[in-house]
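# Provide a 3D model corresponding to the input given below.
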Amino acid sequence: KISATAHYRSSGVLIMVQATGGGEYWGEYEGVKAKVYIKASEVERNSQRYLHLEDLKMDFSVKDIQMGIKNVHNGNAVLEAALNLFINSNSQELLKEMKPHIKKKLMVTMKSFIDHLFSQVPYDSWIID
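Here you go, the predicted structure:
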């Protein structure tokens, strides 16, 4: 189970309600599965061998999603309940819409992490000949 909280900003209309503004987002995700593909090559630096990331791909799925927003339109509890009902009733469809942006952000973070890891850990620690 993964739990997340964040601040959000949005613009546009959601179920005929002006949804411009920001507030608090919460989410709980269960049954998260991820596939990651890493292609790396060997490089030599300072007479030592390291791995260099050439390609990174990933995809993920989430089985069960509960998510919502807080502090909608200055604390309008009725509107907040209606929006959260809509969000949770359509969570998989909303995830499909958000997924390209989420993947892009995850890929940037993963690439930075893997680049740093590969630059610090010598090739021989990864690969056994």
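
# most residues in a single helix of this structure, which one?
helix 91-120 (DSSP state H).

# Which helix or strand lies directly C-terminal to it?
Next in sequence after helix 91-120, counting helices and strands by DSSP states H and E, comes helix 123-126.

# quick one: buried residues of stretch 103-119?
Neighbour-count burial for stretch 103-119, counted by 16 or more other Cβ atoms under 10 Å, picks out 110, 114, 118. The way it works is simple: take the backbone N, C-alpha and C, and place the C-beta from them, glycine included.

# Tell me how far the residue nearest to the spatial centre of the chain lies from residue 71.
Closest to where the C-alpha atoms of the chain average out (Cα atoms, centre = their mean) is residue 102, at 4.0 Å. Residue 102 sits 23 Å away from residue 71, going by Cβ to Cβ, to the nearest Å.

# what does residue 86 give?
Distance, residue 86 to residue 71, using Cβ to Cβ: 17 Å.

# circling back to that earlier point, and the longest helix of the chain, what other elements does it pack with?
With contacts taken as 3 or more Cβ pairs under 8 Å, 6 or more residues apart in numbering; DSSP states H and E, helix 91-120 sits against strand 21-45, strand 48-70.

# What is the neighbour count of the nearest residue to residue 124 once chain neighbours are set aside?
Nearest non-adjacent residue to residue 124, counting by Cβ to Cβ, 6 or more residues apart in numbering: residue 49, 6.7 Å away. Residue neighbour count, defined by other Cβ atoms under 10 Å, stands at 13 for residue 49.

# and residue 49, what does it touch?
42, 43, 122, 123, 124 (Cβ atoms under 8 Å, 6 or more residues apart in numbering).
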